[in-house]
Each structure stands twice: as C-alpha cells, then as structure tokens.
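Undergrad: this one's sequence-less:
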C-alpha cells in the first residue's frame, strides 16, 4: 500500500462520528483504565502512518437523531460492541497485554447509531451457520475492540473497513501492519464474492498469510518482511509461456533466499548458488512457423517466379516461299548458263587480245627480260575459295616464268598458302624448279621482318625444311636480292601489306601483282602512281585471258572464257529482269512498320 | 625521318586528349543520327525481353596487323552488348575467325559479366573461334544464327567477301544484321546483303554510339577535325597542281 | 594476382610496346648508334614475339574450336552430329599432317579433294546469295542510291566480258573508265576514312584511353 502523509485523523472525522466517539468514550471506555480508543489518534500521527479512513473515524458528532436521548442505539450495533469486548477480554486473558485501540463496552450506555448503519446490518449480516473462508492469519493478533455480539455482526464490507482502520492505528502506534483486505480460510468473509477470484490468488493469499504469520511471530525487533501487494502480485508475468512452465504440472517450490538483504523472500533470483549452475539451454524449434495464409501467399509467389524461369522457346521461322523460289530460280539460270558452255566446250566468245591493259604489258616485258635461273619469289596469298579465279589469272604468268627458266620460291602468310601453291604449280603446263618456303605466321609483321632479314624470319616458317639453302637461293640476303617478287592475292589488304612492307624495302626488284577482279581496282593506284611501287598488274580472269593472248599460250582463262562471258551476261539479265519486277512490287520498309529489322 | 607522318600522329593524339578532357568536363556532345546503331540498340533490348540472343561476329582481322583496328572496335561493341544483355536468359555469343581474336572475345565477355556483378555466370564457350580461314569462319558462323536463337547479328570487324554468306544466313533466319567492315569489297556486299550496313568510318564510331566511353567520342571528334584538314590539303593540292603552283 | 591489380601494368606494357614499335618506324631509315639502335633492336624483338604469339593464337583457336564442339556434343545441342563429324575430320587431318607433314600425299589429297571443293562451293553459293541480295535490296529499299548501285553493278558485269559472246566496245570502255576513275576515287575516300579510324583506334590504345585487353 502506498504510504500517505500522516494526517490527524481526528480532524477528518465527520462531526457525527466524533460525537459518537465522544459518547463512547464516556460510556464505554469509562470503565477501563482511562484508555481511550482514540488515544493513538489524539497523539500526533507518526510519519509514514497511513491515514485513517474517514469511515472508520469516530463521528465528530452523533448521527442524526443521536442527541435525542430518547433513541437507543440499534441492537446490531450493541451486539457488535459486545462481541468486541469479549474478544478483547479473551486476548487480554491470553497475552496479558492491553489490546485494542478501540474501546469497548457498548453494553452500558450505547450511543444512538444512525439508521443507515442499521440498514446495513440487516442486509449484510451473514446467515447463521455459514462459515467464512477467511484465513486465520487474516486476523489481527491483537483483538479488535468489540463492537457487538456475533449474532449481530458488522457487515462484511464494514468489518473489512474496520480492520483497515485498525491497521492504520497499528501503523500509527507501531503495531504490526495488517492488510486492509485479506483473504483467509474460515473466519471472515470478503465483501465480494470469493468465487470470482482466481485460485492462484486465493492460494497465494493463503500462502502469503501463512508466511506472514510466522514472520510476524518473530517479533517486531526484526525487519518487516517484504510483501508483494495484491496489485503487484496480479502483474506477475505469466509463467505459462516459458518452457519451464507446463500447465497442469506442479511447479517446483520456489527456493527461499537465506542470505543477504533479500533473505526470507521467495522466488528471487539467487545471488550465489545459481551463478555457477548451468542448465541445459531451452530448445527452440527451427521450423518456420507459418500460418496457412502465409503458406498460400508463398506458394503463389513461387508459382509466379517459376513462370519467369521458363524460357520461351523462340520459334525459328523458315524462309518464305517467295524467297525459296527466287533462290532456286536464280541458281537454275546461272547453273545452266555456266554448265552448258563447259559441257559443250564451246569457244564462241572472242578472246580479248586487242589493246591489253598497261599492267599486263608491263608484266609481260618484265618477265621476258629475266635471266635464266633467276630467283623469283612467288607469294601465294589467296584463299582456296578463290583458287579458281587466281589459277586462271596466274597460270599464264607462272608458265611464262618457267619458260624463262626462273627458279620459283613459294611463300605464304596464309595457312593454306603452301598447299595452294603446290596445286597451282601442278596446273602449269611447263615444268620448272621451285622451292616451297612454307607458311610464315604473323601477317604484315612477318613481312616487315622478311623484307630486311629473310633468312632469320624464314627459320620460323613451316616449309619443307630447305628454306633458302637451295643453290639458286644461296645469294638471297634481303628481299631485294630476288629478281622479281610476284604476289598472287584475292585480298586488297594483303596486297597492300606486300606493297607497303616489302615493296618499300626493295629498290631494284620489281613487284608484280596478280590479283582477283575485286582487288585490282584498289591496287591500281600503286601501279599508276608516280612512285610506281607496283611494276606489273594482272587482274582476274580477264587479265589472265589478256596475258594468254599476249604470251601466245592457252590456259585456264581461255578455256573458261565462254562460260565466263555467258555467265556474266546471264547474271546481268537476271538482275535486270528481277530488278524491274522487284521495283514494280516493292516491299514496305520494315523499319516503317515498327518491327525489328529482318521481319521478326 | 618522315616528319609529316610524325606531325599528323602528334596532332591527332593531341586532339584526342583535348576533346577527351572537354567531354569529361562538359559532358558528351550530340552525335549525328546513325540508324544502324539505333536499330542495333533497340534489337538488343528486344532480344533481352523475348529471350533471344545477340550474335557479335568479330571478323578475321589479325590483332598484330593493320586490320586489328576494326577488330578492336568489334571488341568494344561486344563488351557493350555483353554489359547490356549479359544477364538475360540467352547471353550474347561472339564468333571470330582468328585465334587471338577469339581469346580477346572471351576476355571481353568475362569483363562484361564482372561488371554486371556475377562473374560466375560467364560461360567460356560464349566466345569462340568458328574457323581459321575466311570461308571456314563464315561456315562456322552461319549455324550459330540458325541454331542458337539469334535475333540480331552485329558483324563488326575485318571481313572479306565471305561476309555475304553470314549476312544472307541472317536474312534467311529473319534476324537483324548490322554489319560493317574495313574492306571495300565487303562494304559493297554488305550494302546489299545487310539490313543496316555501316559504310566507311561509321564502323569505327561503334564504341561512341553504344556508350563505350568519352574517349571514343573524343577520338570521333578528332577524326572529324583531321578529316577536314585532309580535305583542305587535297583540295588545295589539286588546285595548286592545276594552277601550276605545285 | 587479381585482374584489377594488373590493369595498370597491362596498360603500361601496352603503351610502351606501342611507342617502341611506332618510334622504330621513324628510326628505321638508316640511323645507327645509341638510343636509335636500341629502339630498333627492341622493335625487332617485339615484332618477332608478336609473330610467335600469332602462331600460338592459331593453335589456341584450334583448341577453342574443339572445346566448343565437344561441348555441343555433350549437351546434345541441335546439329550435334555435325560437330561430331567436324571433330573427327579435325583429328584425322591433324594425325595425317603430323605423320606425313604438310606436303605429304594423304595431306595433299585431303586438301585437294575435300577442303578445296568445299570452299569453292561456298564461293559459288556466295555468287547466288549476292544476286538474291541485290534483288531483295530493290524490293526492300528502293531509292536513288539503290538504283545507282544496281546500275553500276550491271555496267561492271556487262563491261567485263563480251555480252553473250558479242563484244560491245562502248560498254567495256565506259566500265573501265568508271572502275578506274570514279569507283577508285570513291574507294580512295572511303579508305582514307578507314585509315583515320584505324589511327584513332590505335592512338586510343597508345594513350591508355581504350583497353580492350583488360577486364
């Protein structure tokens, strides 16, 4: 209970109660040794003592109608007074100590009591024979002043209030404190229905009362034991949620602390004995506790994610019928145009002999001026795919070289170059000597090194192993030591590398190019320029046919000429007719349709 | 000592540095519209969305030769495509016609995955050598477009006439073909065969248009300046020759 | 060492190597002694190393080809049967050349009767593909440039050889003039632009602004 500042209870009593008390003092307590039931109240209240409830204070003035001498106090009040007297007498007889703060002896000269007390008595009087469930320890050790017989007892609520007043007195006098509301076994009834109280409260109260009584019996010299008030006890955490608590099972009796300032208390955290004691830690479930709703949501999310993981299979659309027909039509026309002249070995188309280009003339003159046994470097720089064209273009040139007795040294910066060179020489009609220097890796980088130091560079080449050791090549120390360099290429970039890396390093050795029709226009400026790094130029099947006409030989170019001519014409015809038809029925631009390019 | 060549190189380098510093301070300048790169960027986004693949073909230019410049541009484009589409369902695939280029393509893709933050998703077979001769390279690249759900092909590198086969295979499989080469015959072929051809030096602008960095933009601006200087020199020289001055 | 830590080293090596080879271009014209000869010697060594690297890259490319096709067979990809035949042919050719050498009989036979026909056939297919591509171009993108393109393609075809066996001098002369003057001039301009682009790409690497070799 919260302690309230000490108040003078005498001053707070209503007037009627004061009067009542005064009359009681005169009548009831006159027989005693001058002890006034309110003696303690007359003294200055000690600090910390609770205030006396107003209801328990003696009325400052009698009840209404109390002054009327003709009215007698009600019977029930008289009974209460008699009962209290008996109690006090009994206790006095047991302990020999004066008891009670309240006076007794209402048998003689009772003060008139107000009607409301009378009414309360009638309504709250317990039925006879009913036992109360109040614990014995709820009662005070010192008997309360008798206020009447048991037959006309105070109502339950009033008796409780009286006890509270008695507690206040005790506190004021230093007497042991008793709780205002106590629940005990057997002797008193609570002002409310005890059936509504939870059992644990009743049990606790019982235990508390039992515990309090022995402590109180030890005497006032010891420290007051700590006591949990009711409201604090009600706030205790539910032990049912802890693993240690299993509903239905008896709890282990709480140990009582025996040392330190908390000695005598139960249920406190042990200070010393528990420190070194390690128990098994509680086991917690690792399983995720998910409700049904959560599981449904999780399943839904999983299904959504699974849809995202499925990669849609892209359907590859086959070419349209129109494109396929076009392919077959074009292929059919061109194959027919090329196959018929080859199978029939026709030679209707006139060979180009008149006014050969300057590059062809220059090449012919350069080769014609070679001495017998001259070392000529032949660079085979074309791909197997264009071997048909280059063989037709270079056949007559190589044939002319061998007619002049030159020793050919084959070299290539393409992996397939050495094999192509061998095949090329197999097609040449005239026989001659040659050395296959092999494949030189590194492209233009290798050419730059070859131009200045061919022997050291050729040690890295993959060839037949002889390198420049052939007798005709013994004198070769730089690229300029060759009598001529002939480059056979279908790629303008490769041809340009030879011009820029090797041609610039050679001062006296002529550089001749035999190129495919696609590369010839890009290298022509090197031939036509003032510097003239390229001294001779033969381009494509046309150039080969010109060279055969100039040299008087008949090679692949001549045998291809009819098919070549008709094939080109057929191609031009297909383009012309197809172009007119396509232009007449144009396809809408796919980017204007908003589609991705390609018609997807 | 070829002082003229040295002067041109020093001027070019200086212009690149200046434009690079200006770009980093003032932000990227606006470029003229190049439909090929716009279409390519759009196609990459579509490919990511509809679960198809982008194929980048790097050509067969030797890394040690003069054709390496086009190959390096192709690698920059591949890196950017990898950074955009690398974490899609079907990551981009690269084909090359040269050994060193194949290895560099793997490096570029690995770097793209690393920049995306999941290097362990990288598959080394995404960068491959499809053939070691020009036509075998084309023959190896053609099935990639037919079999591997390719919706767009970027043919950026040094290629020859064999590029027509790759472009026509792309057309047959109804995929977009954006192609450029440093070879003139290849450019002529691609003008007819590709959906979006890149003519001349448009090939070298790939890095700038695809956001490879401010250095690419700076070199593009430096190219413009030097080009105009060359035009002035050519026209001036021709006039001087005509007038008998030179 | 992690890639990030080696990036500055790679960049430094790339820049120094490029500068040495570039400097050797200006020093190659007869200068001797001191720094010039050192630079030229270093340039020569670097170029030789590059040649070796190119050859090694060829081998690595072959291995990469093998690995990719083995992977296709293992995963059961579409057309894995063709990958099987490719690997079979590759191994067989390798063994033949290893035993007989590149000029051996069997190696020559394989090249002459298998590789050569296949590649020339692909070239023939290219011819058909080009014709079809030109027709599709007229259908898909009909404008002035396309019309000019097709016109000069026809002119070149008709001017190269006699038309159906009949020589038409005007056509061949005009075709030759157009090819050697107009087309050549246009090609020259395009090549200049390509050259500028190549120089710019190379300078970006020399300046360290572009690092295609680093991750």
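TA: Nice, thanks for sending it over. Fair warning: this is a prediction, and the values are worked out from it, not measured in the lab. Residues are numbered from 1 along each chain as shown, chains lettered A, B, ... in the order given.
Undergrad: low pLDDT regions in chain C?
TA: Scanning chain C for pLDDT under 70 picks out C:1-6, C:28-33, C:213-215.
Undergrad: helices of that one, start to end?
TA: Here chain C has its helices, by DSSP state H, at C:3-27, C:34-74, C:80-100, C:105-110, C:116-140, C:144-160, C:169-177, C:184-206.
Undergrad: compare these and give me the one nearest residue B:14.
TA: Between residue B:14 and the helices of chain C, the tightest spacing by CB to CB is seen for helix C:184-206, at 9.9 Å. Heads up, the C-betas are built off the backbone N, CA and C, glycines and all.
Undergrad: re the thing from before, now the helices of chain C as JSON lines including distance to residue A:74 and mean neighbour count?
TA: Output for those, formatted as JSON lines (distance: least, CB to CB, whole Å; neighbours: other CB atoms under 10 Å in any protein chain shown):
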{"stretch": "helix C:3-27", "distance to residue A:74": "104", "mean neighbour count": "14"}
{"stretch": "helix C:34-74", "distance to residue A:74": "112", "mean neighbour count": "17"}
{"stretch": "helix C:80-100", "distance to residue A:74": "116", "mean neighbour count": "13"}
{"stretch": "helix C:105-110", "distance to residue A:74": "138", "mean neighbour count": "15"}
{"stretch": "helix C:116-140", "distance to residue A:74": "123", "mean neighbour count": "20"}
{"stretch": "helix C:144-160", "distance to residue A:74": "129", "mean neighbour count": "17"}
{"stretch": "helix C:169-177", "distance to residue A:74": "147", "mean neighbour count": "14"}
{"stretch": "helix C:184-206", "distance to residue A:74": "118", "mean neighbour count": "19"}
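Undergrad: what's the closest of these to residue A:543?
TA: Residue A:543 sits nearest to helix C:144-160 of all the helices of chain C, at 10.6 Å, using CB to CB.
Undergrad: from the contact counts, what lies against the helix ranked longest in chain B?
TA: Longest helix in chain B by number of residues (criterion: DSSP H): helix B:214-243. Using 3 or more CB pairs under 8 Å, 6 or more residues apart in numbering or on different chains; DSSP states H and E as the contact definition, the elements that helix B:214-243 packs against are helix B:3-26, helix B:206-209, helix C:184-206.
Undergrad: the bottom helix or strand of chain A by mean pLDDT?
TA: Within chain A, no helix or strand scores below helix A:39-42, which has a mean of 42 by mean pLDDT, DSSP states H and E.
Undergrad: next secondary structure after that one?
TA: Per DSSP states H and E, the first helix or strand lying C-terminal to helix A:39-42 is helix A:75-95.
Undergrad: name the residues of that next one that are buried.
TA: Going by neighbour count (16 or more other CB atoms under 10 Å in any protein chain shown), the buried part of helix A:75-95 is A:75-88, A:91.
Undergrad: in these, find the pair that's most separated.
TA: Most distant of these, by CB to CB, are A:75 and A:91, 24.9 Å apart.
Undergrad: and the pLDDT at residue A:163?
TA: Residue A:163 carries a pLDDT value of 54.
Undergrad: how about the longest strand seen in chain B against chain A, any contact?
TA: Ranked by residue count, the top strand of chain B under DSSP state E comes out as strand B:150-158. Yes. Strand B:150-158 reaches chain A (CB under 8 Å from any CB of the partner chain) through B:151, B:152, B:158.
Undergrad: tell me which residues touch the closest residue to chain C within chain A, please.
TA: The minimum distance from chain A to chain C, using CB to the nearest CB, falls at residue A:442 (3.3 Å). By CB atoms under 8 Å, 6 or more residues apart in numbering or on different chains, the residues touching residue A:442 are A:413, A:449, B:64, C:47, C:50, C:51, C:54, C:55.
Undergrad: going by distance to residue B:204, which of those wins?
TA: Using CB to CB, the contacts of residue A:442 come closest to residue B:204 at residue B:64, 19.0 Å.
Undergrad: that closest one: what's it in contact with?
TA: With CB under 8 Å, 6+ apart, residue B:64 has these contacts: A:442, A:443, A:444, A:445, B:100, C:50, C:51, C:53, C:54.
Undergrad: mind redoing it with 10 Å?
TA: By CB atoms under 10 Å, 6 or more residues apart in numbering or on different chains, the residues touching residue B:64 are A:441-446, B:98, B:100, C:47, C:49-51, C:53-54, C:57.
Undergrad: next: residue A:553.
TA: Contact analysis of residue A:553 by CB under 10 Å, 6+ apart lists A:395, A:396, A:399, A:400, A:403, A:429, A:430, A:547.
Undergrad: at 8 Å instead, please
TA: Here residue A:553 is in contact with A:396, A:399, A:400, A:429 (CB under 8 Å, 6+ apart).
Undergrad: for those residues, work out which two are farthest apart.
TA: Farthest-apart pair in the contacts of residue A:553 is A:400 and A:429; separation 10.7 Å (CB to CB).
Undergrad: run through chain B and note the low-pLDDT ranges.
TA: B:1, B:28-29.
Undergrad: let me know the outermost residue of it.
TA: Note on chain B: the largest C-alpha distance from the chain mean falls to residue B:244, namely 42.8 Å (CA atoms, centre = their mean).
Undergrad: any idea how far that residue is from chain C?
TA: 22 Å (CB to the nearest CB, to the nearest Å).
Undergrad: still on that earlier bit, tell me which of the contacts of residue A:553 fall in strands.
TA: Going by DSSP E, the strands hold none of the contacts of residue A:553.
Undergrad: so which of the residues you listed is the most crowded?
TA: Most neighbours among the contacts of residue A:553, by other CB atoms under 10 Å in any protein chain shown: residue A:396, with 32 neighbours.
Undergrad: could you pull up the contacting residues of that residue?
TA: Neighbours of residue A:396 in contact, by CB under 8 Å, 6+ apart: A:544, A:547, A:548, A:551, A:553, A:555, A:557.
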